[in-house]
Structures are given as structure tokens and as C-alpha cells.
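Peer 1: Can you look at this prediction? I've put the sequence above it.
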Protein chains: 2
Amino acid sequence: MVRVLDERKLDVLRAIVEDYVATHEPVGSKTLVDRHNLGVSPATVRNDMAALEEEGYITQPHTSAGRIPTDAGYRLFVDKLSTVKTLSPAEKKAITSFLAGAVDLDDVVRRTVRLLAQITRQVAIVQYPSLNRSHVRHVEVVTMTPRRLLLVLITSAGRVEQRIVEPPHDVDEQLIADLRSRLNTALAGQRLTEAATSLAAVPETFAPADRQLVAAIVTTLLEAFTDEVGEQRIAVGGAANLTRYGDDFERNVKPVLEALEEHVILLKLLGEATNPQTLTVRIGHENPYEELATTSVVATGYGSKSEALATLGIVGPTHMDYPSTMGAVRAVARYVSQILADS
Amino acid sequence: MVRVLDERKLDVLRAIVEDYVATHEPVGSKTLVDRHNLGVSPATVRNDMAALEEEGYITQPHTSAGRIPTDAGYRLFVDKLSTVKTLSPAEKKAITSFLAGAVDLDDVVRRTVRLLAQITRQVAIVQYPSLNRSHVRHVEVVTMTPRRLLLVLITSAGRVEQRIVEPPHDVDEQLIADLRSRLNTALAGQRLTEAATSLAAVPETFAPADRQLVAAIVTTLLEAFTDEVGEQRIAVGGAANLTRYGDDFERNVKPVLEALEEHVILLKLLGEATNPQTLTVRIGHENPYEELATTSVVATGYGSKSEALATLGIVGPTHMDYPSTMGAVRAVARYVSQILADS
DNA sequence: GACTGGCACTCGAATGAGCTGAGTGCCAAG
DNA sequence: CTTGGCACTCAGCTCATTCGAGTGCCAGTC
């Protein structure tokens, strides 16, 4: 019989979360019975509520008010009491067609942010495909003037990095062609993290007179490979959705806006990239920043089925609609992965 | 004698604007006399204030409160009563050294936004150097695989656009080399807007068998030249500064956040690019959006002394510190122009 | 004629008392 | 275990009152 009681208590918790997410107002026993058909009287619900409060899943803002879920309550709800909502076919179609219109990687990322913000009606965050986890697709050395070379690095994810190198003396076009081909043979298909080793050997294969120049180019390439700043590139969108946070501006909106400016913070919030099947949900105080204790993060990796290239996700109030949001984040991550795989 | 009276009335207006900007509270005759040494009694100031109100430069939020400047008041202040503040040598140095660290154009723009937001403590907006107004510096055709070509366009401002072309049949490396050199001869130094004409003639110079391929490449290049979306690229930063707007969140912060999401709106707000010497200031209702009636824009062009490549500026509450803000915007625009000219 | 001190007046904001009602906890009965 | 009943709590609303910053105007002074 203990089993049955627990069952119902969880129903009550589910009802409380759903109600509170919908109304943003503390929910009392009577309203709860009215709105969700729980099949028991308010008094019974009150008993359950008292127990749930005892166990730390819900709390009262003040004595004479209804209950609201605690972070632990949301956690239980997300883990046990809800199923991720799948998107309607129409929505799925809209996503693919919107993403398919992108002309390059930058455009994919921009569109993804916009899309995610629009569907979830939250603040969306998309990390650019990580350099570390990408492979070299092509390296190009372009002579712009005899004393100015442009290095172009194209990764498997379609990311393009360019650097200028100003050689100490005029360079011969033949040398450049040679260099270009040797670089590509040495690097093509390699992970950027492994590329360092392969690059090291390249200068030695050249005539001593040319080695200085080649070394300079190799150094610049290495810098590009391990670019910290580039690694942390992030796109953010949907900040206007913060206006729906409710009233407590100082406590809810301000810290989020501040965090959005600091890409390092956002990266920590997003956390390690997982594969697009796995969703990471951080609720309230579970995230590493005290100031964002009223904020939750829903994130996941994207890039390919097996291995994530980077992370994307949303940031919103703890009282968000988790099932829908999680569904949207997962769906978008999958479709972006698909688009990237195709290109 | 009328002259003297007018003179003092303007002093009073200046004092009101400065006080209100500092405190964000309606300013009364007594406080005004206390804080600024006007050399007359409160009663006299009251008379002047009544006149200023009559003329529409100041207004009372409610009967028993002090005065605040109207948009017209700020306008007069900006046009006649203030001088643009110049930055301290230390600040100037900080700007140049911060901007000098940039590795490519994207980085320049990102740094500029950040810088501008930090100095002005407002929301900063920087438009990417316009394609229309740029010149072709270099066009590169890179063979990634025999059935996949990468076109790279580099503009005089350092902007790099890339497009993928998938030719209908395998292409010969010799043909590519040929094409590369002819494209560069045809285009180098041209304005992107004029490039269309020069490009049109290129396919004809090739053997009939190759024309289809060349035409495809030319078409893609043309698309890149006239890319509407790329033309409207914008970077935004410092949204967290909106938290200092004061309390009326719904009226002041929300519309701005919404506008920041819409780059088309931001472009209209920034207005036509002027040269970096000329500052455009739009106060409150002077800007084209009703919802931004409590918001002012300070903008200017950047790119070169004579001709602007694009626009940058800030958005903030009408009660901002115009002299400092204008000084900062102008200085940043100049230094960015300089950095771009050097690279 | 311009400036000033004085004074009555206005009205938003702050303070506090009183009421209301949603919601609770507990208990005794089913 | 569930339920109806009941006393209790307390945030939030309303209303009245007070307070004071600030005004406009007028009569007097230089």
C-alpha cells in the first residue's frame, strides 16, 4: 500500500510543477484538485503536499500561500515524471528547411541560434564547432602580394580560419605551390590536435634557405590550430525572451544578461559536449554560478551521431517547460548535426 | 539685456541636463542653485524654468516634482550647450593597444564592440565593413576535391567571404590556375559594385567547353558580391548595460532588447554611414521607432578619413552623458579606421 | 525692470491601520 | 487511508493620513 501512496504523491508533484510552469503562481491544494483530476479531495492533497515539502521537493514562499517546486522538485520531475516532448512533423520540417538555406558554417550557426531561440522562447546559445575536435580538410596558401601570404584553414565541420603571414623576403611562387602540396599531404584528414606533430617535420623537408619562411608559416598555422579564443567562439540569441522572466528584474534578468557577455561563463554553463542523444539539464543551483541560481540550462552536443563537435542549448528560468524545451533542443541538435554531415 | 537673460536660461538648461543625467531624478530650483553655482536665487531660476518649460525644453513629470529635459532639451544641449569630451591619453592608448591585438577582421569587430560597450557603458553596435563600398583585394579558387571548389573573396577591408561551388564534372587543375589569374586581373582593385560588369566578360575568354563551369563560378561570385544578408552583418555587445536603465523595464529595456535581435532595425537606427569626423545623434522620438522613444543613438562611420565603410555606435537611454559618449564613439571610430587602414 | 524672499498650494510617495481571502495544519469521523 | 470541518496565518489590497519637495505668484528691494 505504501507503493500506491508514493505513486499519488508523485502525481501531485507532477501536477504542481505543470501548474506552476503554466501560471507562475504558487499552487494550492484546491486549485490543484480542480485543474488536474487527481480523484482525491483537497485535504488528501494537503497531506501529500506536507510530505513532499518535508522531503524537500516543494516549498512555500510564505505561510499562507500555495507551494512551488524546489530545484529538487524540478529535478525529480525531469528525471522521473516527464517524457521529452517530440516535435510535430510540421515543426521538424520547418527546422530542416530553415537550416538548409544556410550558405556557410557561420550562417548555419546564426540560423541555429535564431531557430532555437524562437522555438523554445528562451535565450539560445550555440558554440562554434570546436577546432580541437575537428579534422583538417584543406590548407591553402595564397599569395596576395609577394610579401604577404594568406593562410586558409578549412576544417571538416566547414569552419574557415584565415591568418596573414608577412614573410621576411619575397617568396617564389614555386615554393608556395610546393609548400601547399606538402602541407596538405601532411595534414589532410588529421585531427587538429594531432596536426602539431605532423607539422613539426615539414620544415626539414625544405632546402635550408627556405626553412625560415616555412617555419614562420608553420608557427602561424599552429597558432590557428590551438587558438584559445577561436575555440571559445559562441553565438547567442533570443535575449529578448528574458523579458518574459517575470518581474524580479534584478535577480533574474540582470545576471543572465551579464553572463551572456562572458563567453567563458557560457561555455562552463553549457558544459562538456555530449552526443546529440543525451541532454544535459542543469537546474537552478546545480549550475556553477551562484548568481544564476534561478536559471536552468538545457544543453546537448551536436556534430555527428557518435561524437559531438560542440555544444548548443538554452538558458531560461527554472520554471520553464522542460519537456517541450528538451524536445526542441534535442531536435535542433540532431538536425544541425545532419546539415553539417551533409556539407 | 534680452541677450543676458537668454544666456542664463541656457545655463539653467545645461545645469538641468547635467544634473538629471547624473542623478536620474527630476531636478528642482533649489538643488540646482545648490549644486551648480548659478549666482542667482532659486526664485529667479524658477522663472527661467517656467520659460524653458513654455518653450518646450523641459517638463514636469507631475505638478509637485522638479523638471526633466525633453527630447528638445537634450537636442539643444547637444547642439549648443556642450562640447564633445576628448579621451584622456591613457584611454586612447588603451584603445589602440586593445584593438592592435586583433588577428583578423572578425576579431577587430568583436573587439570594437566590446571596447565601445565598456567605455560608454551602453549597448554597442558595429556594422561589418560594407561589401558594397569595398574593393576586391584578391579572389582565390581552391580545389578541395575535383568536384568541389572553394571560392575565397578577400576585400580591401580584410573581410573574407567563402563559397562552395560543385562543378558538374571534374575540373582540370590547369583550368583553375588559368581562371584564378584571369579573375584577379579582371577584378583586383575594383569596387564590388562595379565588379559585376568586369565579371560578365570573363566566361567568353574561355574555350566553349569550359564556359559552363566558369559561368557557374562567376554566378556564385556575383552572389557573394551582392549578398544582402552579408551586407547587413552586425555585432552587438554590452546588453548587460541595459540593466542600468533604471526601473521601468517594460518601457525601456524590453524594446531595446527586442530591437537588438533585429539587425534590420539596428541598421536603420545607425543610419547612413558618415565619415568618422561627423557624429550622428538621434534623441528619443527622433529615431524611426515609436517603441524606442526613450532611447538615443550615437553613431558614426568608420573605415577611412574620407569615406566610411560602415557604421558603429551605441544605443542608450535619452538621459545619457552625451559629451562623454560622443567622445568615446568618435575616438573608437577613428582608431578602428586606423587599424583597418594599416592592415 | 530684474531679482529676491515669502507664502500658500499641490500632489506623489511614504506610512500605517484594517480587512480580505487563499491557503494551511490539524482533528475527529467515516 | 481519506475526508469534511474549522481555526489560524499572513501577503496583499484599500483607504486615510501625513510629509515634504517643489511650484507659482506676489509684493518688496536694488
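Peer 2: Structure received. Just so it is clear, the model here is predicted, and its values are computed rather than measured.
Peer 1: in chain A, which spans are strands?
Peer 2: Using DSSP state E, the strands of chain A run over A:58-59, A:68-69, A:123-127, A:136-145, A:148-155, A:160-165, A:234-237, A:280-282, A:295-302, A:310-317.
Peer 1: could I get the ones you listed as a markdown table with mean neighbour count, mean pLDDT and distance to A:Q338?
Peer 2: Where C-beta positions appear, they are placed from N, C-alpha and C, glycine not excepted. Shown next, in a markdown table, are the strands of chain A (neighbours: other C-beta atoms under 10 Å in any protein chain shown; pLDDT from 0 to 100; distance: least, C-beta to C-beta, whole Å):
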| stretch | mean neighbour count | mean pLDDT | distance to A:Q338 |
| --- | --- | --- | --- |
| strand A:58-59 | 20 | 96 | 40 |
| strand A:68-69 | 24 | 96 | 35 |
| strand A:123-127 | 27 | 97 | 15 |
| strand A:136-145 | 19 | 86 | 18 |
| strand A:148-155 | 21 | 88 | 18 |
| strand A:160-165 | 18 | 86 | 21 |
| strand A:234-237 | 20 | 96 | 19 |
| strand A:280-282 | 19 | 97 | 20 |
| strand A:295-302 | 26 | 96 | 9 |
| strand A:310-317 | 26 | 96 | 14 |
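Peer 1: Lowest-scoring secondary structure element of chain A by mean pLDDT?
Peer 2: Ranked by mean pLDDT, DSSP states H and E, the helix or strand of chain A with the weakest confidence is helix A:228-231, at a mean of 73.
Peer 1: residues contacting the residue nearest to A:S134 when sequence neighbours are not counted?
Peer 2: Nearest non-adjacent residue to A:S134, counting by C-beta to C-beta, 6 or more residues apart in numbering or on different chains: A:T155, 3.8 Å away. Going by C-beta atoms under 8 Å, 6 or more residues apart in numbering or on different chains, A:T155 touches A:P129, A:L131, A:S134, A:H135, A:V136, A:R137, A:E161, A:L192.
Peer 1: how far away is the second one from B:K85?
Peer 2: Counting by C-beta to C-beta, to the nearest Å, the separation of A:L131 from B:K85 is 42 Å.
Peer 1: Neighbour count: these two, which is higher?
Peer 2: The residue with more neighbours, out of A:L131 and B:K85, is A:L131; 24 against 16, by other C-beta atoms under 10 Å in any protein chain shown.
Peer 1: Go ahead and confirm the more buried one touches A:R159.
Peer 2: Yes: applying C-beta atoms under 8 Å, one finds A:L131 in contact with A:R159, separated by 7.1 Å.
Peer 1: which non-adjacent residue is nearest the residue of the stretch 151-300 of chain A found nearest DNA strand C?
Peer 2: Nearest residue of the stretch 151-300 of chain A to DNA strand C: A:E250, at 16.4 Å (C-beta to the nearest atom of the strand). In this structure, A:E250 finds its nearest non-sequential neighbour in B:T243, 7.8 Å apart by C-beta to C-beta, 6+ apart.
Peer 1: Run a quick neighbour tally on the one you found.
Peer 2: Around B:T243 there are 16 other residues, counting by other C-beta under 10 Å.
Peer 1: right, and A:V160 touches A:E140 too?
Peer 2: No: at 9.7 Å, A:V160 does not count as touching A:E140 under the criterion of C-beta under 8 Å.
Peer 1: shared neighbours, these two?
Peer 2: With C-beta under 8 Å, 6+ apart, A:V160 and A:E140 have common neighbours A:V152, A:I154.
Peer 1: hang on, the earlier thing: now the strands of chain A in JSON lines, with distance to B:A196?
Peer 2: Formatted as JSON lines, these follow (distance: least, C-beta to C-beta, whole Å):
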{"stretch": "strand A:58-59", "distance to B:A196": "66"}
{"stretch": "strand A:68-69", "distance to B:A196": "61"}
{"stretch": "strand A:123-127", "distance to B:A196": "34"}
{"stretch": "strand A:136-145", "distance to B:A196": "23"}
{"stretch": "strand A:148-155", "distance to B:A196": "24"}
{"stretch": "strand A:160-165", "distance to B:A196": "25"}
{"stretch": "strand A:234-237", "distance to B:A196": "31"}
{"stretch": "strand A:280-282", "distance to B:A196": "49"}
{"stretch": "strand A:295-302", "distance to B:A196": "38"}
{"stretch": "strand A:310-317", "distance to B:A196": "37"}
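Peer 1: which stretch among those comes nearest B:I283?
Peer 2: The closest approach between B:I283 and any of the strands of chain A, judged by C-beta to C-beta, belongs to strand A:234-237 at 28.9 Å.
Peer 1: Extract the C-alpha trace of the closest one and format it as PDB.
Peer 2: This file holds the C-alpha atoms of strand A:234-237, laid out as PDB (Å, rounded to 0.1, in the frame of the first residue of the first chain):
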ATOM      1  CA  ILE A 234      29.900  31.300 -29.300                       C
ATOM      2  CA  ALA A 235      26.700  32.800 -30.700                       C
ATOM      3  CA  VAL A 236      23.900  34.000 -28.600                       C
ATOM      4  CA  GLY A 237      20.300  34.900 -29.500                       C
END
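Peer 1: I'm done for today, thanks for sticking with me.
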